[in-house]
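Trainee: What follows is a predicted protein model with its sequence.
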Amino acid sequence: MPKRILILSVFVVASCGLAYELIAGALSSYLLGDSILQFSTIIGCYLFAMGVGAHLSQYIKDEDLLSRFVDIELAVGLIGGISAALLFLTFSWMAAPFRTLLYVLVFLIGMLVGMEVPLVMRVLNSRQTEFNELVSKVLTFDYLGALAVSLLFPLVLAPYLGLVRTGFLFGMFNTGVALWTIYTFRHELKKVSTRLLRATSLLCVLIAGFSLSDRMVYWGEHGLYGDEIIYSTTTPYQRLVITRWKDDLRLYINGNLQFSSRDEYRYHEALIHPALQQLPWARSVLILGGGDGLALREVLRYSHIQHVTLVDLDPAMTNAFTQRPELTQLNHHSFRDPRVQVINADAAIWLQNNQSMFDAIIVDFPDPSSFALGKLYSVPFYGIVKKHLAAQGLLVVQSTSPFFAPHAYWTIDATLKEVGFLTYPYHLYVPSFGEWGFVIASTQQKFEPPAAYQLPMRYLNQETTHEMFVFPPDMQRLTMEPNRLDTQSLVREFERDWRQVIR
């Protein structure tokens, strides 16, 4: 029985170790962007630390194996359990030491986890377990634990519990292994009462942290955003936060501002109307992204538009902007219009599996701050989009800032040209964003900026429209390579540009 308990504990500790690694990678990707860089460096640091821990385990004396195993479980439970909460609060209130703290925590957890399995194997070996059986069973349960968490984390834990609560949960699992070991081997352990008190106290702390996770996230996000948070949720795809200050509603995705209700009309008028004003014959429109329904609101102002298909990956996004009164008021209940079809799917996959043609296509994705988003600005993706655009139709792409991220902006323009589009870049000033850019593209039709609009506008007129298509000397065209899927140069250019702004 004791042998089985020790072998089963390997399953739990392997699950916990991988969970902390995934939490650190996901949290840093949410907060810092560039998921490949974050996961790569965290995995490397974690594996190196495990090697250090495995090396250090040889210095633990045989008579102290069980006692030290319990102590290590408690240490992993404490550090791993609070890691997500500590990192999130640190980033929210004092961002400077975040990276240092991130890698210190990853190293400490990895070192402690690296000591666990060697200690279990030595305990089992001391109990006359056959070596072949020992290695086989320990590694089997180690890998099974890793498999279980790798499946549960993206499908259940992150979207439904959240990263902070998941950290506390696995901290409780580590502490549970320690309590289980203390009870099972109570006649062999030293200072049983002291270790039992420590384990029980830690378990109570972790349970309290688990129950207060939502409040911690609220505190952290309040420090990060400053304004009242009226809605927040973690989905399998992103973290959505909506804040309010007086009459100003703001949407953040993974900490990045998407719009402010005070000036979003400038952005959305510029995104939609220069193109649609020149397509009085258009009947069908495709919107990729735009799950807030604000671009959709502007498209629906045209009575000649008979059908609009909106494809957005995240149902939590479209549901919030369909159901919450303060948000539906902002988008004028656009999702309730009978002309609208909402599809929650990956845009690239949906386009590949759909044969429909559209008179206008609006691409309103978040900025290419990660490789997952960068693929939606790539040569293959625009090639697929081109197949769905009517011969005389127009494509409009949100293209980040030509002032703050000029290399990224002109990379998007170069990518559209690589696919065979004629491009017409333009820009405008949005107070909450600064200078922002778009690109209109066509396959045959020569585009001319509108001289007037058939609909009343808050920002656009002949003069402002003319200014949008003129780039001043400090935003002149740059010669850039197109964004190809295998290299994703756009993501690197985007990060490099914004890093210069922050400096």
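Mentor: Received it, and whenever you're ready, just let me know what you need.
Trainee: From here on, just use CA atoms for contacts and neighbour counts.
Mentor: Fine.
Trainee: residue ranges for the helices of the stretch 351-500 of the chain, please.
Mentor: Here the stretch 351-500 of the chain has its helices, by DSSP state H, counting those that start in this stretch, at 371-374, 379-387, 406-419, 462-468, 489-502.
Trainee: I'd like those laid out as JSON lines, including distance to Thr41 and mean pLDDT.
Mentor: Output for the helices of the stretch 351-500 of the chain, formatted as JSON lines (distance: least, Cα to Cα, whole Å; pLDDT from 0 to 100):
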{"stretch": "helix 371-374", "distance to Thr41": "16", "mean pLDDT": "85"}
{"stretch": "helix 379-387", "distance to Thr41": "28", "mean pLDDT": "95"}
{"stretch": "helix 406-419", "distance to Thr41": "24", "mean pLDDT": "96"}
{"stretch": "helix 462-468", "distance to Thr41": "41", "mean pLDDT": "96"}
{"stretch": "helix 489-502", "distance to Thr41": "16", "mean pLDDT": "84"}
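Trainee: Return the most buried member of these.
Mentor: Comparing the helices of the stretch 351-500 of the chain by mean neighbour count (mean count of other Cα atoms under 10 Å), helix 406-419 ranks first with a mean of 24.
Trainee: As PDB, could you dump the C-alpha coordinates of that helix?
Mentor: Taking C-alpha atoms only, helix 406-419 is exported to PDB below (Å, rounded to 0.1, in the frame of the first residue of the first chain):
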ATOM      1  CA  PRO A 406       5.400  52.200 -39.000                       C
ATOM      2  CA  HIS A 407       7.300  49.000 -39.900                       C
ATOM      3  CA  ALA A 408       4.400  46.800 -38.900                       C
ATOM      4  CA  TYR A 409       1.900  49.100 -40.800                       C
ATOM      5  CA  TRP A 410       3.900  49.000 -44.100                       C
ATOM      6  CA  THR A 411       4.500  45.300 -43.700                       C
ATOM      7  CA  ILE A 412       0.700  44.800 -43.800                       C
ATOM      8  CA  ASP A 413       0.500  46.900 -46.900                       C
ATOM      9  CA  ALA A 414       3.400  44.900 -48.500                       C
ATOM     10  CA  THR A 415       1.600  41.600 -47.600                       C
ATOM     11  CA  LEU A 416      -1.600  42.700 -49.400                       C
ATOM     12  CA  LYS A 417       0.400  43.700 -52.400                       C
ATOM     13  CA  GLU A 418       2.200  40.300 -52.400                       C
ATOM     14  CA  VAL A 419      -1.200  38.600 -52.900                       C
END
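Trainee: Any idea how far that helix is from the middle of the chain?
Mentor: Distance of helix 406-419 from the chain centroid (Cα atoms, centre = their mean, to the nearest Å) equals 24 Å.
Trainee: Identify all contacting residues around that helix.
Mentor: Residues outside helix 406-419 that contact it (Cα atoms under 8 Å, 6 or more residues apart in numbering) are 377-379, 382-383, 399-402, 422-423, 425, 437, 439, 441, 475, 477-484, 490-491, 493-494, 497.
Trainee: Then stretch 453-470?
Mentor: Here stretch 453-470 makes contact (Cα under 8 Å, 6+ apart) with 265-266, 269-270, 274, 277, 301, 424-428, 449-452.
Trainee: three-state assignment of Leu31?
Mentor: Recorded secondary structure, Leu31: helix (DSSP: H, G, I helix; E, B strand; the rest coil).
Trainee: Give the burial count for it, as a bare number.
Mentor: Using other Cα atoms under 10 Å, Leu31 is surrounded by 17 other residues.
Trainee: Look up how far Thr90 lies from it.
Mentor: Here the distance between Leu31 and Thr90 works out to 11 Å (Cα to Cα, to the nearest Å).
Trainee: can you check Ala158 too?
Mentor: For Ala158 relative to Thr90 (Cα to Cα), the value is 20 Å.
Trainee: before we move on, the earlier item: distance to Phe39 for the helices of the stretch 351-500 of the chain - can I get that in a markdown table?
Mentor: Shown next, in a markdown table, are the helices of the stretch 351-500 of the chain (distance: least, Cα to Cα, whole Å):
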| stretch | distance to Phe39 |
| --- | --- |
| helix 371-374 | 12 |
| helix 379-387 | 25 |
| helix 406-419 | 23 |
| helix 462-468 | 39 |
| helix 489-502 | 16 |
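Trainee: Out of these, flag the one nearest His332.
Mentor: helix 462-468 (24.7 Å; Cα to Cα).
Trainee: Tell me which of the contacts of helix 406-419 fall in strands.
Mentor: Secondary structure defined by DSSP state E assigns Leu422, Thr423, Pro425, Gly437, Val439, Ala441 of the contacts of helix 406-419 to strands.
Trainee: Taking these, tell me the two that lie furthest apart.
Mentor: It's Leu422 and Gly437 that sit farthest apart of the ones in strands among the contacts of helix 406-419, by Cα to Cα, at 16.5 Å.
Trainee: Among those two, which residue is more densely surrounded?
Mentor: Per other Cα under 10 Å, whichever of Leu422 and Gly437 has more neighbours is Gly437, with 26 against 20.
Trainee: ok, Gly420 - how many residues close by?
Mentor: Using other Cα under 10 Å, Gly420 has 16 neighbouring residues.
Trainee: Pro366 now?
Mentor: 19.
Trainee: wait, it sits on Gly374?
Mentor: No: if you go by Cα atoms under 8 Å, Pro366 and Gly374 don't touch, sitting 9.6 Å apart.
Trainee: picking up where we left off before, need the ones in strands among the contacts of helix 406-419 in JSON lines (columns: distance to Arg250 and pLDDT).
Mentor: Converted to JSON lines, the ones in strands among the contacts of helix 406-419 look like this (distance: Cα to Cα, whole Å; pLDDT from 0 to 100):
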{"residue": "Leu422", "distance to Arg250": "34", "pLDDT": "96"}
{"residue": "Thr423", "distance to Arg250": "31", "pLDDT": "97"}
{"residue": "Pro425", "distance to Arg250": "27", "pLDDT": "97"}
{"residue": "Gly437", "distance to Arg250": "20", "pLDDT": "97"}
{"residue": "Val439", "distance to Arg250": "24", "pLDDT": "98"}
{"residue": "Ala441", "distance to Arg250": "29", "pLDDT": "97"}
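Trainee: Per the annotation, how does this protein divide into domains?
Mentor: Domain assignment for the chain by automatic domain parsing gives 2-221, 226-258, 262-502.
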